[in-house]
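[1] show me the folded form of this:
(one chain, ligands or ions: 1)
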Amino acid sequence: MQRRDLLKLLALICLGGGSSACGTGGGSGGGMARRGRTIVIGAGLAGLAAARELRHNGEDVVVLEARDRIGGRLWTSSAWPDMPLDLGATWIHGVRSNPMTDLADALQARRLVTSYDKSATYHTNGQLLTDAEEAHSEALGNQVRMALHNAQQRDADVTVRQAVAALTQQVQPSLAATRLLNFVLSSEIEHEYAGSAHHLSAHWYDSADEFEGDNALFVHGFQIITDYLATDLLIELSQVVKAIVWGEHEVRVLTERMTFTADRVVVTLPLGVLQSSSVQFTPELPSAKRHALAALGMGVLNKCYLRFSRAFWPHDIDWLGHVSAQHGVWNEWVSFQRVAQMPILLGFNAADHGREIEAWSDQQIVASAMETLGIMFGSNIPQPNAYQITRWATDPFARGAYSYNALGSAPAMRDTLAMPVEGKLFFAGEASHSAHFGTTHGAYLSGLRVAEQILYQIR
Ligand SMILES: Cc1cc2nc3c(=O)[nH]c(=O)nc-3n(C[C@H](O)[C@H](O)[C@H](O)COP(=O)(O)OP(=O)(O)OC[C@H]3O[C@@H](n4cnc5c(N)ncnc54)[C@H](O)[C@@H]3O)c2cc1C
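    Numbers count the residues shown, from 1 in each chain. From the prediction side, this is the model:
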């Protein structure tokens with residue numbers, strides 16, 4: 001930390017217990033500059049974007065982050081030095097007009113494009129789907145989308161699973177068809193929105209806007225973006241916020257170690273953290289906000305990277321699908337062989353099964369993944385040399401992967417989440433962006449939005 005930053009930090013910290021950093025304690029009360037001192041909670045994309053924008057406009061800002069790293073759900077692992085891998089977000093989804101693309105361009109960050117056109121799907125027994133079967137799967141996907149579209153025309157909302165119930169009954173006589181339907185629901189809906197088909201709202205599951213264009217990933221990992229946004233910011237790591245006490249004159253933020261005081265606070269805590277009540281608000285949040293928090297869903301998407309001595313799967317394919325016997329088990333895989341010439345596979349588990357396996361040991365997860373790959377490519381395939389596994393639902397500072405629209409929620413609730421409270425509490429984070437929730441660009445845009453709200457208020 002630079003000396004200038006240290007001085008600013010000391011000015012912001014008010015140690016309730018009377019630490020030497022604040023002399024005798026007693027608060028930063030009367031002499032505060034009225035234009036603004038802002039505490040940003042969370043050094044993920046939303047928090048960093050907000051803090052950077054405020055700082056660029058000359059404001060005093062400190063970012064409090066619970067982890068010992070920045071980035072939040074954007075987390076590039078360097079465990080395999082020759083191949084940085086993203087354990088959280090991987091792709092700029094839709095590169096055209098996407099603010100992540102602008103940032104990446106400004107940094108001249110090298111990117112690779114994966115393509116859904118380069119995909120292959122395997123039956124439950126491991127056979128590759130024939131062209132006719134692929135066409136059948138495609139047709140089933142269209143039927144699912146049509147059933148959901150029809151459900152969106154009705155007044156009463158139902159879950160995605162309920163909306164496709166009639167289809168389930170139609171295909172029930174055939175076990176193979178039921179499995180294919182589950183595969184479509186899992187790979188096309190649950191993997192994308194992270195919520196279970198039993199909870200996703202048929203009316204609103206797909207309410208987000210999308211950018212057009214390819215899906216691009218970063219050669220050196222997504223972290224290049226958060227590192228850039230964090231440049232020159234005052235960031236306090238390992239500060240686990242426990243309580244936010246707000247009033248007319250100031251806001252106090254109590255961490256496990258100390259108390260910070262400022263004129264306002266920007267809360268970018270993930271939806272799952274806010275739902276868990278691990279951070280207490282005094283006075284409590286307005287009821288509309290509490291209602292929105294409870295109604296929206298926090299989904300799960302977990303990753304398992306497997307590194308092999310050689311690629312034993314087709315080299316020209318990016319996406320591999322498996323129609324599993326049990327719903328949602330290792331349905332989707334990404335290969336890094338074509339795009340990065342690396343014999344690495346990334347297996348996903350989302351929603352209910354993604355949550356379930358977090359209780360398993362690493363060995364159980366790898367064995368389960370290898371069982372599926374064995375079905376697809378034969379029992380003689382090599383064991384992985386190494387693996388990397390995520391557990392986002394049990395991560396206390398994420399409590400899930402990203403938010404979704406659950407039955408009983410509506411997109412407008414995200415606007416309620418985003419609403420400032422009495423000029424003291426401001427909210428950002430992917431869940432608070434009604435048009436682009438669940439994404440990196442949504443988180444980033446929410447950070448810019450909150451900075452604009454604050455700058456408007458104080459000028
Ligand atoms: C597995 C996975 C895959 C994804 N894939 C993609 C993708 O390919 N493309 C895409 O666009 N998006 C993807 N996303 C979504 C994207 O990562 C998120 O929407 C985005 O990173 C969220 O940013 P945020 O700032 O809102 O939240 P976060 O990044 O979670 O930031 C919140 C911060 O608050 C901190 N915090 C939590 N509790 C406390 C506390 N008590 N005190 C202090 N600090 C606290 C956290 O540690 C964190 O740093 C993916 C997410 C996951 C998990």
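
[2] number of residues surrounding residue 437?
    26 (other CB atoms under 10 Å). C-betas here are computed from N, CA, C, even on glycine.

[3] OK, contacts around it?
    208, 402-405, 414, 430-431 (CB atoms under 8 Å, 6 or more residues apart in numbering).

[4] how about the residues of the stretch 101-250 of the chain by the ligand?
    With CB under 6 Å from any ligand atom as the criterion, the stretch 101-250 of the chain meets the ligand at residues 240-241.

[5] do you have the helices of the stretch 101-250 of the chain handy? List them.
    131-153, 160-163, 165-171, 175-184, 191-193, 223-230 (DSSP state H, counting those that start in this stretch).

[6] now those in CSV, with distance to residue 264 and mean neighbour count?
    Shown next, in CSV, are the helices of the stretch 101-250 of the chain (distance: least, CB to CB, whole Å; neighbours: other CB atoms under 10 Å):
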stretch, distance to residue 264, mean neighbour count
helix 131-153, 39, 14
helix 160-163, 39, 21
helix 165-171, 48, 14
helix 175-184, 46, 19
helix 191-193, 33, 21
helix 223-230, 20, 20
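
[7] how near is residue 372 to residue 332?
    11 Å (CB to CB, to the nearest Å).

[8] please enumerate the shared neighbours of those two.
    Common contacts of residue 372 and residue 332 (CB under 8 Å, 6+ apart): 322, 347.

[9] got phi/psi on the residue nearest to the spatial centre of the chain?
    For the chain, the residue nearest the mean C-alpha position is residue 402 (3.9 Å; CA atoms, centre = their mean). For residue 402, the backbone dihedrals (degrees, to the nearest 10) come out as phi -160, psi 170.

[10] contacting residues for it?
    73, 194, 298-299, 301, 430-431, 437-439.

[11] go on, residue 201?
    157, 159-160, 405-410.

[12] if you rank these by neighbours, which is first?
    Counting neighbours by other CB under 10 Å, residue 405 leads the contacts of residue 201 with 29 neighbours.

[13] state the distance from it to residue 351.
    For residue 405 relative to residue 351 (CB to CB), the value is 14 Å.

[14] overlap in contacts, these two.
    With CB under 8 Å, 6+ apart as the test, residue 405 and residue 351 both reach residue 195.

[15] quick check, residue 267 in contact with residue 426.
    Yes. Using CB atoms under 8 Å, residue 267 makes contact with residue 426 at a distance of 7.0 Å.

[16] and the two? Which one has more around it.
    Taking neighbours as other CB under 10 Å, residue 267 and residue 426 compare with residue 267 leading, 27 against 24.

[17] contacting residues around that one?
    Shown in contact with residue 267 (CB under 8 Å, 6+ apart): 41-42, 244, 274, 425-429.

[18] before we move on, the earlier item: of the contacts of residue 437, closest to residue 378?
    residue 402 (35.3 Å; CB to CB).

[19] what is the burial count for residue 403?
    Residue 403 - counted by other CB under 10 Å - has 28 other residues nearby.

[20] quick check: closest non-adjacent residue to it.
    residue 431 (3.9 Å; CB to CB, 6 or more residues apart in numbering).

[21] same check, this time on residue 439
    Of all residues beyond its chain neighbours, the one nearest residue 439 is residue 93 (6.0 Å), with distances taken as CB to CB, 6+ apart.

[22] my guess is that neighbour meets residue 210, correct?
    Yes. Contact criterion CB under 8 Å: residue 93 and residue 210 qualify, at 7.2 Å.
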